[in-house]
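Participant: Return a 3D structure for these sequence lines:
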Amino acid sequence: GLVGDLVDEAERHLLSEAGRVQVELGDARAALSAFRDLHAACSGTLGDHDPTTLSVLGGLAAAYGLAGHHNIALELKRGAYEGLRAHYGPDHRDTLTLLNNIGVTYSDIGDHAAAREIYDEVYQARLRLLQAHHPDTLAALSNLAIAIGRSGDHELARRLKAELCERSRRIHGQDHPLTLDALNNLAASEAALGNRAAAHELFTRVYGLRRDLLGADHPDTLSARENAATTGDDARTRSILADLYRDRIDGAGPQSPESERTLRSLLIAIARDVDPGTLARERRCELAPDPLPAGERLDEVRLGKVRL
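Facilitator: Got it, this is the predicted structure:
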C-alpha cells in the first residue's frame, strides 16, 4: 500500500503537494486523507522527531483547521512547533513558520490577544533575522496588524497596515497581488475607524486593479466590488449588491459562502437601520488557507522542506 511503500523523498514531496493543494482549494476531507497517509509514512520511515515528519504534522494540523477542528489543529501545531524548535532552534525559518501558524489557529478560535502576542514574537524575530522588506517579514507584519485590529486597536492597526502597503509597493510594485491585499486590509481598518470615504476610495482602487489584472468575474475582484459598494453611496449600494448577488449565484450557486455573505450585506443595506459602511468590520476576515474574503486575510505560511 501507499503508506507502507512511501519511502522515496520524491513520493513524499508529491503527496505533500497534493495535500497542500487540497488545503488551498478548501477540500478538508481530501487534505486530511493525504496528510494522514503522508504523516504515517514519514513517521514509520523517518521517525516522529524527524523535521520532515514534523513539517508534515504541521500540514495535517492545517487540514484539521480547515475541517473546523481547531482544538486538534492547535494541539498538533504545538507539537510540531516544539519538535522543530528542539531540532532547529527558535530562530529557524520552519520553527517560526509553525509559531506563526499557531497564531492563525488562535485567530480562528477568536483568541485575538493570544494571536497578537504570537504574531508580535514572529514579526520581531523575522525583523531581526531578515530584512524589513523580506516577504516573510511583510507577512508577519500583516498578521500582526490584523490581530491588533481584531483586538480593538484599529488606529495602531491602520498605521501598521499603511507601513505595510508602502513596503510592499517598494518591493513588489503597485499592481502586485500582495500589495493589493495590503491595500485591501488598510481599507478595512479605515472602515473600522469610521473613515468611510477613505475606505471607499481604497476599496475602489483595489477593485479597479483586480478587475484589470484578474478579470471582472474573479472571486477576488467580486469581493473588492462588494467592499467598494458597502462603503460607497447609500443610494447605489443596494443596486450594486443586488447585481453582485446575482453574479455570485450564477458563478458559485446560492449556498456558497460568498453568495451568503453578499446576501447578508444586501439585507443589511435594505434594512437601513445599519450603516452599510460598518459591514467591513462585521465580517470575519482571513488569509490562507481560507479563500480571499471581503476583508483581511491571515497568512498560514508553508513550511520549507516538503513545502506545506
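Participant: wait, doesn't residue 123 sit right on residue 140?
Facilitator: Yes. Between residue 123 and residue 140 there is a contact under CB atoms under 8 Å: 4.0 Å. Glycine gets a C-beta too; all of them are placed from N, C-alpha and C.
Participant: These two: who's more crowded?
Facilitator: residue 140 (27 against 23; other CB atoms under 10 Å).
Participant: who touches that one in this structure?
Facilitator: 100, 119, 122-123, 126-127 (CB atoms under 8 Å, 6 or more residues apart in numbering).
Participant: Flag the shaky bits of the chain, pLDDT-wise.
Facilitator: 1-26, 233-235, 268-308 (pLDDT under 70).
Participant: let's see it at 50
Facilitator: 1-7, 272-297, 300-308 (pLDDT under 50).
Participant: The contacts of residue 140, buried ones only, as a ChimeraX selection?
Facilitator: Command for ChimeraX, covering only those of these found buried under the criterion 16 or more other CB atoms under 10 Å:
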select :100,119,122,123,126
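Participant: For residue 260, what is the enclosing helix or strand?
Facilitator: Residue 260 is part of helix 257-271 when elements are defined by DSSP states H and E.
Participant: how much distance is there from that helix to the middle of the chain?
Facilitator: Distance of helix 257-271 from its chain centroid, counting by CA atoms, centre = their mean, to the nearest Å, is 22 Å.
Participant: again with stretch 195-214
Facilitator: A distance of 19 Å separates the centroid of the chain from that of stretch 195-214, by CA atoms, centre = their mean.
Participant: Show me what that stretch is in contact with.
Facilitator: Contacts for stretch 195-214 (CB under 8 Å, 6+ apart): 174-175, 177, 180, 183-184, 186-188, 190-191, 218, 220-221, 224-225, 227-228, 231-232, 277, 280.
Participant: How about stretch 142-153?
Facilitator: Counting by CB under 8 Å, 6+ apart, 100, 103-104, 107, 112-113, 115-116, 119-120, 122-123, 156-158, 160-161, 164, 181-182, 185, 188-189, 192, 285, 287, 296-299 sit against stretch 142-153.
Participant: Return the set of buried residues in that stretch.
Facilitator: Within stretch 142-153, the residues scored as buried using 16+ other CB under 10 Å are 142-150.
Participant: can you map out the strands along the stretch 1-150 of the chain?
Facilitator: Counting by DSSP state E, counting those that start in this stretch, the stretch 1-150 of the chain has no strands at all.
Participant: where do the helices sit along it?
Facilitator: Taking DSSP state H, counting those that start in this stretch as the test, the helices found in the stretch 1-150 of the chain are 2-5, 9-25, 28-46, 51-66, 70-88, 93-108, 112-129, 135-150.
Participant: For the stretch 201-308 of the chain, which segments count as helices?
Facilitator: Counting by DSSP H, counting those that start in this stretch, the helices of the stretch 201-308 of the chain are 219-230, 234-252, 257-271, 279-282.
Participant: Please identify the most buried of the ones you listed.
Facilitator: Of all these, helix 219-230 has the most neighbours on average by mean count of other CB atoms under 10 Å, namely a mean of 24.
Participant: what packs against it?
Facilitator: helix 177-192, helix 196-214, helix 234-252, helix 257-271, helix 279-282 (3 or more CB pairs under 8 Å, 6 or more residues apart in numbering; DSSP states H and E).
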